[in-house]
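[1] Dropping a prediction and its sequence here:
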Amino acid sequence: APRIEVVGNAAAVAERAAALVIARLHDRRPVTLGLATGATMAPLYARLVAATRTGVISFRTVSSFNLDEYVGVAPQSPGSFHAYMQQHLFGHVDMEAGRAEIPDGTADDVAAEAARYEEQIAAAGGIDLLLLGIGANGHIGFNEPDSDFASRTREVRLDEATRIANAINFPDPASVPERAITMGIATILEARSILLIARGSEKAAAVAAAIEGPITAACPASALRLHGNVDILCDEPAAAAL
Ligand code: GLP
């Protein structure tokens with residue numbers, strides 16, 4: 001079963017998550033991270049940037065694979081996850097060029113890009129530590145409810161609620177792309193360890209369904225209970241329905 005830890009507030013989630021990641025990076029052995037985007041991750045990345053600036057950790061031995069990207073959004077476009085990662089992490093740490101992978105949402109052949117991404121993860125020896133958020137509907141990456149647990153990196157259609165929740169870097173919800181490319185649930189479950197973080201009352205129902213509800217495609221995050229090495233870290237509002 002996942003290890004569950006509840007801390008007081010969102011800042012404490014970021015602090016505790018940063019401590020777990022810093023512990024993994026501290027010895028400067030090569031490590032492959034899986035990375036997520038979203039508001040929950042931003043304060044965690046800010047702490048990793050600060051720890052890099054002060055020399056506590058280095059990203060020189062880090063490779064990474066992001067979970068997902070919008071289809072049809074250019075990397076330089078402010079709404080892209082490429083731009084998010086540049087702004088919150090990659091622009092501020094000493095990562096080697098070419099070591100940070102994000103699916104290419106502008107590929108002409110998205111299926112080929114998805115297959116290529118899977119091959120790259122495999123060639124890197126898999127993901128050591130995968131960071132995850134959770135959608136209010138229980139999604140992980142962009143694996144929306146009813147995603148197959150055997151799914152791999154592929155093109156998906158986003159739920160309306162997800163597009164509304166992710167509208168912050170777009171002019172309006174209607175401008176949020178309808179499609180994305182995401183690691184699949186099987187891809188996610190192959191990571192050697194997983195750290196899911198959640199904050200805020202809007203995540204409480206999804207967190208409770210993931211941990212205490214049936215293990216079902218209706219709640220993609222419930223698939224994490226099939227994995228032996230998962231930490232789930234929540235603040236009190238996100239844990240309120242447990
Ligand atoms: C997006 C991302 C997910 C992320 C989720 C939660 O849908 N694809 O990887 O976990 O948002 O984001 P937030 O932290 O902004 O609530």
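    Perfect, thanks for sending it. In this text, all values refer to a predicted model and were calculated from it rather than measured experimentally. Numbering: from 1, shown residues only.
[2] Strands of this structure, start to end?
    Along the chain, counting by DSSP state E, strands occupy 3-7, 31-35, 62-66, 68-70, 100-101, 129-132, 154-157, 179-182, 193-198, 230-235.
[3] Using JSON lines, lay out those together with mean neighbour count.
    (C-beta placed from N, C-alpha, C; glycine too.) What follows is these, written out as JSON lines (neighbours: other C-beta atoms under 10 Å):
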{"stretch": "strand 3-7", "mean neighbour count": "15"}
{"stretch": "strand 31-35", "mean neighbour count": "22"}
{"stretch": "strand 62-66", "mean neighbour count": "23"}
{"stretch": "strand 68-70", "mean neighbour count": "25"}
{"stretch": "strand 100-101", "mean neighbour count": "19"}
{"stretch": "strand 129-132", "mean neighbour count": "25"}
{"stretch": "strand 154-157", "mean neighbour count": "18"}
{"stretch": "strand 179-182", "mean neighbour count": "24"}
{"stretch": "strand 193-198", "mean neighbour count": "24"}
{"stretch": "strand 230-235", "mean neighbour count": "23"}
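[4] Please dump these into a markdown table; it should also carry distance to the ligand for every row.
    A markdown table is the format used below for the strands of the chain (distance: least, C-beta to the nearest ligand atom, whole Å):
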| stretch | distance to the ligand |
| --- | --- |
| strand 3-7 | 16 |
| strand 31-35 | 9 |
| strand 62-66 | 9 |
| strand 68-70 | 5 |
| strand 100-101 | 15 |
| strand 129-132 | 6 |
| strand 154-157 | 10 |
| strand 179-182 | 7 |
| strand 193-198 | 8 |
| strand 230-235 | 12 |
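[5] surely Glu190 meets Ala124?
    No: counting by C-beta atoms under 8 Å, Ala124 is not a contact partner of Glu190; they are 11.9 Å apart.
[6] quick revisit: can I get the strands of the chain in TSV with distance to Arg47 and mean pLDDT?
    TSV is the format used below for those (distance: least, C-beta to C-beta, whole Å; pLDDT from 0 to 100):
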stretch	distance to Arg47	mean pLDDT
strand 3-7	14	98
strand 31-35	14	98
strand 62-66	15	98
strand 68-70	22	98
strand 100-101	18	98
strand 129-132	12	98
strand 154-157	30	98
strand 179-182	25	98
strand 193-198	12	98
strand 230-235	13	98
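[7] So which residues of the protein form helices?
    10-25, 42-53, 81-88, 110-123, 160-165, 185-189, 204-212 (DSSP state H).
[8] can you tell which of those helices is closest to the ligand?
    When these are ranked by proximity to the ligand, the top entry is helix 160-165, at 5.6 Å, counting by C-beta to the nearest ligand atom.
[9] Would you indicate which residues of the closest one are buried?
    Neighbour counts over helix 160-165 (16 or more other C-beta atoms under 10 Å) mark 162-163, 165 as buried.
[10] One more: stretch 86-104?
    86, 88-90, 92-93, 95, 99-104.
[11] could I get the helices of the chain as TSV with distance to the ligand?
    Shown next, in TSV, are these (distance: least, C-beta to the nearest ligand atom, whole Å):
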stretch	distance to the ligand
helix 10-25	10
helix 42-53	8
helix 81-88	8
helix 110-123	15
helix 160-165	6
helix 185-189	10
helix 204-212	10
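[12] Check those for me and report the most buried one.
    Most buried of those, by mean neighbour count (mean count of other C-beta atoms under 10 Å): helix 185-189, with a mean of 22.
[13] what's next to it, contact-wise?
    Under the contact criterion C-beta atoms under 8 Å, 6 or more residues apart in numbering, helix 185-189 has outside partners 34, 67, 118, 121, 130, 132, 140-141, 143, 147-153, 194, 220, 223-224, 226-227.
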